[in-house]
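J.: Here is a sequence together with a model predicted from it:
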Amino acid sequence: SRGRAAASFAARVTFEDVSRRYGDIYALRDFNLDIAPGEVVCLLGPSGCGKTTLLRITSGIEKPSAGRLLINDREVAGPDRFEPPERRNVGLMFQDFALFPHLTILDNVAFGLRALPREEAHREAMAILARVGLERYASSYPHILSGGQQQRVALARAIVPRPSVMLMDEPFSGLDVQLRETMQEETLALLRETRSTSIIVTHHPEEAMRLGDRIAVMRAGRVVQVGKAEDMYSRPSELFIARMFSEINEVPQTVTGGEIASPIGRIPALGMSDGTKATLCIRQRGIELRSAGEGLAGRILHVRFLGDIILVEIGVSGFDVPLHARLPAGNGSWHKGAEVGVSIDPEGVLVFPSNGSNNGT
Ligand code: ATP
């Protein structure tokens, strides 16, 4: 062994109309996604939207009720075929790491290689332990390790068989914030080295943006939007996605004459009929404060110091609801009661129907 995980044969992963039903509940419903070899995709979505079920189907723990899963264009699950987990070369890492308490760290990692002769398995396990910086714990037991170290062992165990496809179910949620960033970067580096095609489930949009080549946002068993982090931020297809990727103000409006007449001008509400309730979204970072007399008239209602950012709540003339602005700290001193001018960046303004999907633009 060369002391690192050798490149695996990166695989394309394709979900074609995959559904999974439990009684009346669809955990997945016509789920479609095509993942390129070596790509890292983050799955993001509310609790119960089917993320774990998708991983279970990909690994082979679960069968789809309908649809097909292809790995490198070969059907591994579908109406005509089912390949068991051990034949798929898919690695799985759980949220709680699921280390075996009664096995040494080395044996925990070598567990993924139990098809190999013991000595060879140990040699490879040792090499990957060195790669994650835990050689000296080889003969220790998991309980003496810190959370971050346990996470590294779990990662080593999942990656040592060089899976073509790596599945991770909220792999960082048990770690504190600082450790989380370090582990995210280390994990990503290891995934790139092994060229594993990866699906990472997360609840955190920021984590998805940091890790994913693409992000797939799910709701009720389906993909609602898939794209790069920039796409999700700039062109969210629905209000709930806009909320995930940016801090926004939500201003209730009504569509009249195909547009919204707001204090910042008329904004087209394409495809939305008159009388429809719409939500005008204004990014909190898209609001700037100036001297009174410039822009819209405003009065500061509240100021909160958040470190790099100052969160200012402003009553703005023409708006029924107060707006929140996130201003870089040091950019002026703002205090409660002050009269200010408010300018709103049109780039930071989006319109959505108040319930359901966007206006189709
Ligand atoms: P979370 O983020 O909370 O982990 P999730 O997105 O991973 O949620 P799943 O665990 O995939 O969601 O579950 C999707 C839906 O399917 C849920 O409504 C869940 O209750 C249901 N479900 C999952 N597994 C089963 C099962 N074995 N039997 C019955 N219902 C199930």
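T.: Thanks, I have the structure now.
J.: nearest residue to the residue nearest in space to the middle of the chain other than its sequence neighbours?
T.: Taking C-alpha atoms, centre = their mean, the centroid of the chain lies closest to Ala208, which sits 3.0 Å from it. In space, Ala208 comes closest to Cys42 once its chain neighbours are excluded; the distance is 3.7 Å by C-beta to C-beta, 6 or more residues apart in numbering. For every residue, glycine as well, the C-beta is placed using N, CA and C.
J.: Any idea what the one you found is bridged to?
T.: Beta-bridge partners of Cys42, counted by DSSP bridges, are Ile200, Ile215.
J.: Contacts only, for it.
T.: 199-202, 207-208, 211-212, 214-216 (C-beta atoms under 8 Å, 6 or more residues apart in numbering).
J.: Which residue is the nearest non-sequential neighbour of Ala154?
T.: Using C-beta to C-beta, 6+ apart, the closest residue to Ala154 is Phe97 (3.8 Å).
J.: Check Glu339 too.
T.: In space, Glu339 is closest to Ala292, 4.1 Å off (C-beta to C-beta, 6+ apart).
J.: and if you look at Val109?
T.: Using C-beta to C-beta, 6+ apart, the closest residue to Val109 is Ala125 (3.9 Å).
J.: I'd guessed Pro236 sits against Val351; true?
T.: No: when contacts are counted by C-beta atoms under 8 Å, Pro236 is not listed as touching Val351 (11.4 Å).
J.: Start and end of stretch 327-334, how far apart?
T.: Terminal residues of stretch 327-334 are spaced 10 Å apart (C-alpha to C-alpha, to the nearest Å).
J.: For the stretch 201-350 of the chain, just list every one of the helices.
T.: Taking DSSP state H, counting those that start in this stretch, the helices of the stretch 201-350 of the chain run over residues 205-211, 229-234, 239-245.
J.: which parts of the protein sit against the ligand?
T.: By the rule C-beta under 6 Å from any ligand atom, the part of the chain lying against the ligand is 22, 25, 27, 45, 47-53.
J.: Can you pick out the most distant pair from these?
T.: The span of those, defined through C-beta to C-beta, is set by Tyr22 and Gly45 at 17.5 Å.
J.: Settle it for me: which of these two has more neighbours?
T.: Between Tyr22 and Gly45, Gly45 has the larger neighbour count (other C-beta atoms under 10 Å), namely 24 against 9.
J.: What mean pLDDT does stretch 51-71 get?
T.: Mean pLDDT, stretch 51-71: 96.
J.: how long is it end to end?
T.: For stretch 51-71, the end-to-end distance is 18 Å (C-alpha to C-alpha).
J.: Buried ones in that stretch, by neighbour count?
T.: By 16 or more other C-beta atoms under 10 Å, the buried positions in stretch 51-71 come out as 51-60, 62, 64, 67-71.
J.: do stretch 333-345 as well
T.: Neighbour counts over stretch 333-345 (16+ other C-beta under 10 Å) mark 340, 342, 344 as buried.
J.: likewise stretch 72-85?
T.: If you call a residue buried by 16+ other C-beta under 10 Å, then stretch 72-85 has these buried ones: 75-78, 83.
J.: same thing with stretch 261-269?
T.: Neighbour counts over stretch 261-269 (16+ other C-beta under 10 Å) mark 262, 264, 267, 269 as buried.
J.: For the helix or strand encompassing Arg20, which strands pair with it and how are they oriented?
T.: Following DSSP states H and E, one finds Arg20 within strand 13-22. Using DSSP bridges, the strands paired with strand 13-22 are strand 25-35 (antiparallel), strand 66-71 (antiparallel).
J.: Need the distance between the two termini of stretch 164-174.
T.: 25 Å.
J.: list the buried ones in that stretch?
T.: Across stretch 164-174, burial judged by 16+ other C-beta under 10 Å covers 164-172.
J.: mean confidence for that stretch?
T.: According to the model, stretch 164-174 has a mean pLDDT of 90.
J.: roughly how far out does it sit from the chain middle?
T.: 11 Å (C-alpha atoms, centre = their mean, to the nearest Å).
J.: from now on call the first residue 643
T.: Yes, from this point I'll number from 643; that puts the last item at stretch 806-816.
J.: Now do stretch 715-727: distance to the chain's middle.
T.: Relative to its chain's centre, stretch 715-727 lies at 27 Å (C-alpha atoms, centre = their mean).
J.: related to what we said a few turns ago, sitting in strands, which of the buried residues of stretch 975-987 do you find?
T.: 982, 984, 986 (DSSP state E).
J.: and this protein, what are its domains?
T.: Residue ranges for the domains of the chain, per automatic domain parsing: 655-876, 888-995.
J.: ranking the ones you listed by burial, who's on top?
T.: domain 655-876 (a mean of 18; mean count of other C-beta atoms under 10 Å).
J.: end to end, how far does that one reach?
T.: 27 Å.
J.: Show me what the helix or strand where Arg799 lies is packed up against.
T.: Secondary structure from DSSP H and E places Arg799 in helix 789-801. Applying 3 or more C-beta pairs under 8 Å, 6 or more residues apart in numbering; DSSP states H and E, we find helix 789-801 packed against strand 732-735, helix 747-752, helix 760-773, strand 807-811, helix 819-836.
J.: Sketch out the low-pLDDT regions of the protein for me.
T.: 643-650, 998-1003 (pLDDT under 70).
J.: Now Leu943. Nearest residue, chain neighbours left out?
T.: Nearest to Leu943 is Glu955, by C-beta to C-beta, 6+ apart, at 4.5 Å.
J.: No further queries at this time; thank you.
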